[in-house]
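Asks: fold the following and give me the result.
(chains A and B)
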There are 2 protein chains.
Amino acid sequence: MLIFAGLGLWDEKDLSVKTLEAIRGADHIYAEFYTSTLPGADRGRMETIYGRPITELRREEIENDPGPLLERAKRGTVVLLVGGDPMVATTHIDLRLRAQERGIPVCILHGASIAGATPGLLGLQSYKFGRSGTVSRPYSLPLERRSPSGSGVGRGWVPGDAYRAARDNHGRGLHTLLLLDLGMAIPEALGLLARAEENEGGGLMDLLWAGVARAGSPEPAVHADTPQQLARFDFGPTPHVLVLPGSLHFMEAEALRTLAGAPPELLPREKP
Amino acid sequence: MLIFAGLGLWDEKDLSVKTLEAIRGADHIYAEFYTSTLPGADRGRMETIYGRPITELRREEIENDPGPLLERAKRGTVVLLVGGDPMVATTHIDLRLRAQERGIPVCILHGASIAGATPGLLGLQSYKFGRSGTVSRPYSLPLERRSPSGSGVGRGWVPGDAYRAARDNHGRGLHTLLLLDLGMAIPEALGLLARAEENEGGGLMDLLWAGVARAGSPEPAVHADTPQQLARFDFGPTPHVLVLPGSLHFMEAEALRTLAGAPPELLPREKP
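Replies: Numbers count the residues shown, from 1 in each chain, chains lettered A, B, ... in the order given. Okay, here's the model as predicted:
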């Protein structure tokens, strides 16, 4: 059996009790941290707390040579640990299909994910989020997420697809979650989005945006303001994400003011 | 301190190790199951496994009379346990704002949520989901989620807002997650959506849909087919959700075929 298990958002203790039991009962435990990091964790501490050795896999070991892992899953119980929810990346869907082809039973133990956590940290309603995007640096986007048009790779590259996701959602009153490349901080992302706006047009960069740092940690930072002000705010270490709020219910506006320090003049007036 | 803690998707052991430690160290533990159920759980088993008594709160105790809970959180450490992620419902955002007003520190321990788990169970990419909707029965929708137009309450009521979410997303190539009312099964939801289509127009009810039952349980059911066929498929007990897939990447199409039994003639041809 192959068990895909999510580690949740921050550190060694964000996995579920069920996942911990699966680890302790498994024949072999793998982990990969290249599709999603677990920022507050350390493999040594994980092995101590879980009481089992963990084999960390590199990208090519999962994507090009999954044979040994699948062979072990055919003979016994294998757990693959992944940050966040375990089925977010295409890599894991591909691995699951390969397991299925070989008749290996698959089990999924879900974990908290950044897309689930961010709305709540800002007090925004999750059902009002449109599609999300990723603000990537040139060359870093996986092939299947490169937009066929408008986001050429290399010099002059801009995150056109992420900008358009925000613009399309905003036009419909929806909120947008933008993930940032590994290690990218909010000022760099806002700079790339401002360059995308020069190409795309859309007038989003004078609106109220919100930033979230270290979701799921004991000290997450949230702040909402114009991009100019957000770029000056000290969010502390990454990971960071950005949100462009759409139409705001009065309680969402109140939450952005109270929880994220949004300037009242950027918020819709309260319901009469 | 007031700690909002998510219990995850299915049973007593889907909470995180960190949440279990918070429960064991808290002065008082509350739970509410009216905004989100934990289908495989039982309060007696929760108390046994967690080793602490749990006070279950009814809707009115949280929404109209949160004073006693906040008073306890002012003097000591209170954990409020909620199914899924703890900040999805407006109720909890409201409670968090009240705590903030009274100077009570708040901590959020995230949990896996249905919106995070569903894409992975079907092999669909989560970033390609547009806004989600809820297929509700008449009168059951909370006020703030009632659409101002087209979804009148009472006789002749149809889930117009959920239908329009699916139609808008599909027109943009995006996937749609539709949650169903508590206890509602897929055939009832498809019937309501077919009635909505009569009002709204949109031609969605001849397309490929997917259903997911008991996400996060040891035996989730997934199946993809036309609404006519899905209504006949035995998904087993609720909770159920529906997904209308949008444009499919070839690996998403392969996943729907392999994992959800989608008929090949309803899928786009494979990439040449």
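
Asks: which parts of the stretch 151-272 of chain A sit against chain B?
Replies: Counting by C-beta under 8 Å from any C-beta of the partner chain, the positions of the stretch 151-272 of chain A adjacent to chain B are A:168, A:172, A:174, A:215-216, A:218, A:220, A:249, A:251-252, A:254-255, A:258-259. All C-beta atoms are positioned from the backbone trio N, CA, C, and that covers glycine.

Asks: in PyMOL, select just the buried ones from the residues you listed.
Replies: Filtering those down to the buried ones (16 or more other C-beta atoms under 10 Å in any protein chain shown) takes a single PyMOL command:
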select buried, chain A and resi 168+174+215+216+220+249+251+252+254+255+259
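
Asks: of all the residues of the stretch 151-272 of chain A next to chain B, which comes closest to A:Ala115?
Replies: Distance to A:Ala115 across those (C-beta to C-beta) is lowest for A:Ala215, with 10.0 Å.

Asks: for the residue nearest to A:Asn199 when sequence neighbours are not counted, grab the count of nearby residues.
Replies: Using C-beta to C-beta, 6 or more residues apart in numbering or on different chains and skipping the chain neighbours, the partner closest in space to A:Asn199 is A:Val158 (5.7 Å). Neighbour count for A:Val158, taken as other C-beta atoms under 10 Å in any protein chain shown: 21.

Asks: does A:Val158 touch A:Gly191 like I think?
Replies: No: using C-beta atoms under 8 Å, A:Val158 makes no contact with A:Gly191, being 10.1 Å away.

Asks: spatially speaking, which residue is in the middle of chain A?
Replies: A:Ile114 (4.6 Å; C-alpha atoms, centre = their mean).

Asks: let me see the backbone angles for it.
Replies: Per-residue torsions, A:Ile114: phi -60, psi -40 (degrees, to the nearest 10).

Asks: what's near enough to touch it?
Replies: Shown in contact with A:Ile114 (C-beta atoms under 8 Å, 6 or more residues apart in numbering or on different chains): A:Leu9, A:Gly84, A:Leu177, A:Leu179, A:Ala215, A:Gly216, A:Pro239, A:Val241.

Asks: hmm, 6 Å instead?
Replies: A:Ile114 is in contact with A:Ala215, counting by C-beta atoms under 6 Å, 6 or more residues apart in numbering or on different chains.

Asks: quick one: pLDDT of it?
Replies: Confidence at A:Ile114, expressed as pLDDT, is 95.

Asks: same check, this time on A:Gly152
Replies: 46.

Asks: and if you look at A:Ile104?
Replies: pLDDT, A:Ile104: 98.

Asks: name the element the nearest residue to it once chain neighbours are set aside belongs to?
Replies: Closest residue in space to A:Ile104, ignoring its immediate chain neighbours: A:Ala73 at 5.0 Å, by C-beta to C-beta, 6+ apart. Element membership of A:Ala73, judged by DSSP states H and E, is helix A:67-75.

Asks: pull the CA atoms of that helix into PDB?
Replies: Presented in PDB, the C-alpha positions along helix A:67-75 are these (Å, rounded to 0.1, in the frame of the first residue of the first chain):
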ATOM      1  CA  GLY A  67      10.400   2.200  -9.300                       C
ATOM      2  CA  PRO A  68      12.100   1.400  -6.000                       C
ATOM      3  CA  LEU A  69       9.300   3.300  -4.000                       C
ATOM      4  CA  LEU A  70       6.600   1.500  -5.900                       C
ATOM      5  CA  GLU A  71       8.300  -1.900  -5.500                       C
ATOM      6  CA  ARG A  72       8.400  -1.400  -1.800                       C
ATOM      7  CA  ALA A  73       4.700  -0.300  -1.800                       C
ATOM      8  CA  LYS A  74       3.900  -3.500  -3.600                       C
ATOM      9  CA  ARG A  75       5.500  -5.700  -1.000                       C
END
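
Asks: tell me which residues of it are tucked away?
Replies: Quick answer for helix A:67-75 (16+ other C-beta under 10 Å): A:Leu69, A:Leu70, A:Arg72, A:Ala73.

Asks: ok, residues contacting it?
Replies: A:Leu2, A:His28, A:Val78, A:Ile104.

Asks: which among those residues count as buried?
Replies: Judged by 16+ other C-beta under 10 Å, buried ones among those: A:Leu2, A:His28, A:Val78, A:Ile104.

Asks: now the helices: where do they sit in the stretch 101-250 of chain A?
Replies: Assigned by DSSP state H, counting those that start in this stretch, the helices in the stretch 101-250 of chain A fall at A:114-122, A:160-171, A:186-200, A:227-230, A:250-260.

Asks: hang on, the earlier thing: dump the residues of the stretch 151-272 of chain A next to chain B to TSV, plus pLDDT.
Replies: Listed next are these as TSV, based on pLDDT from 0 to 100:
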residue	pLDDT
A:Asp168	97
A:Arg172	96
A:Leu174	97
A:Ala215	97
A:Gly216	96
A:Pro218	95
A:Pro220	97
A:His249	93
A:Met251	93
A:Glu252	96
A:Glu254	95
A:Ala255	96
A:Thr258	95
A:Leu259	96
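
Asks: nearest to A:Leu20 among the residues of the stretch 151-272 of chain A next to chain B?
Replies: A:Gly216 (17.3 Å).

Asks: so what's the residue count around A:Thr226?
Replies: Using other C-beta under 10 Å: A:Thr226 sits among 15 other residues.

Asks: just A:Phe235 next, same as before
Replies: Residues near A:Phe235, counting by other C-beta under 10 Å: 18.

Asks: tell me the spacing between the closest residue to it other than its chain neighbours and chain B.
Replies: Sequence neighbours aside, A:Ala213 is the residue nearest to A:Phe235 in space, at 4.0 Å (criterion: C-beta to C-beta, 6+ apart). A:Ala213 sits 14 Å away from chain B, going by C-beta to the nearest C-beta, to the nearest Å.
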